[in-house]
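Student: Attaching a predicted model along with its sequence, questions to come.
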Amino acid sequence: MQEIIFIDGGSLPTPEGITREWVKAAAENRNEDEKLFSMIRDAFRRKIDVGVQVPTYPQFRDKIGQFLDIIKNEMNCYEPYVLKEENAKILELEIIDEVAKQYKEEIGETLEVRVCVAGPTDLYLQAFGTTAFADAYHILALDIENFIKQAFKTAKNFKIKVVALDEPSLGINDRIQFSDADIISALTVASTYARKQGADMEIHLHSTLKYKLVCETPINVMGFEYAATPSYMDLLDRKVLEDSDTYIRLGVSRTDISSLIGIINEKYGVNAWKEKEYMQKIVTELETPGVIKKRLETGYSVLGDCIKYASPDCGLAFWPDQDIAFKLLENTAKGINEFNSEQ
């Protein structure tokens, strides 16, 4: 069997004393670069240190807003929403390049990185709502392609191994009015360039309801939230995946923080949001390396070598603090490593 690779979702809680609003303003105004850059670099180094094999640039901003704000700014466009490629930049990738350079000097290897961008469907829903304008949908897909092109140009000291489209609404939001053909077309436009560069192209879904549609696009990795909802696995037909050369990124550690805290509250009769010492039990009792390894074993018994990557279900932006978020990443690394060592 091939070794299963540990990637992460990207987002993290901000450090204590820093708000997401501050990060958004600092990234847009560029008036506190030293503080912003050091915060992002520190978080990225920490991801590497706890064992994430292909880390995503740390995301402290709103996933959709980060891209849509650039697209909606007419200064960045030829005409409304038609983005100039040179303006389709992900600032965080420029910031982490310094860490990748140090990594190469210290380890002697080029760091592999995952780049996550908002998908065309989720971007469209936020920009235009549920009324379907296929032309606008197509334009947003082209804008995403420009962000991906610029990402490859930015990667001087690291290699982009995975590009991920974040599309949680697909298969969850039943108000999407686009036809399957429109969705396949948009996903194809947004994913073709990365595949031509030799990167894996992932789509991050919450549910697997639309997986057959994804299998008709160049996207070759599908990620879903298996840890919190194991029944999503039941929708998949392994033969469909194999026939279309589509791999799985399996969510093996839970990130639904409110539900996890609810379990702790019920078990101990406390309010863990206030009695913070109980918060640690999420990573010492619930999401342990052993639990995570067991989930991966169960998933592998069904999907086998279709599983190429494993990760937490989703991002960790709304976890209570960075320490517990990094502990979950560390536990996930240990669980995956133990699984790999026994195969």
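Tutor: Perfect, I can see it now.

Student: quick one: the strands in this structure?
Tutor: For the chain, the strands defined by DSSP state E occupy 5-6, 77-79, 82-83, 111-118, 158-166, 200-204, 221-224, 247-253, 307-312.

Student: so can I have TSV of these showing mean neighbour count?
Tutor: Where you see a C-beta, it was placed from the backbone N, CA and C, and this is true even at glycine. As requested, the strands of the chain are exported to TSV (neighbours: other C-beta atoms under 10 Å):
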stretch	mean neighbour count
strand 5-6	22
strand 77-79	11
strand 82-83	19
strand 111-118	24
strand 158-166	23
strand 200-204	26
strand 221-224	24
strand 247-253	27
strand 307-312	25
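
Student: out of those strands, nearest to Val189?
Tutor: Relative to Val189, the nearest member of the strands of the chain by C-beta to C-beta is strand 158-166, separated by 10.9 Å.

Student: In this protein, which residue sits furthest out from the middle?
Tutor: Most distant from the centre of the chain: Gly269, at 33.7 Å, with distances by C-alpha atoms, centre = their mean.

Student: residues contacting Asn220?
Tutor: By C-beta atoms under 8 Å, 6 or more residues apart in numbering, the contact set of Asn220 is Arg195, Asp200, Met201, Asp245, Thr246, Tyr247.

Student: For Asp321, what are phi and psi?
Tutor: phi -160, psi 170 (degrees, to the nearest 10).

Student: I'd like to know how far it sits from His204.
Tutor: 24 Å (C-beta to C-beta, to the nearest Å).

Student: Kindly report the same for Pro80.
Tutor: Counting by C-beta to C-beta - Pro80 and His204 are separated by 28 Å.

Student: again with Asp135
Tutor: From Asp135 to His204 the distance is 26 Å (C-beta to C-beta).

Student: Please apply the same query to Asn337.
Tutor: For Asn337, the distance to His204 - C-beta to C-beta - is 23 Å.

Student: what does Lys267 give?
Tutor: 30 Å.

Student: List the residues that contact the closest residue to Asp122 other than its chain neighbours.
Tutor: Once flanking residues are discounted, Asp122 sits nearest to Ser169: 5.1 Å by C-beta to C-beta, 6 or more residues apart in numbering. If you count contacts by C-beta under 8 Å, 6+ apart, Ser169 has them with Thr121, Asp122, Leu125, Ile176.
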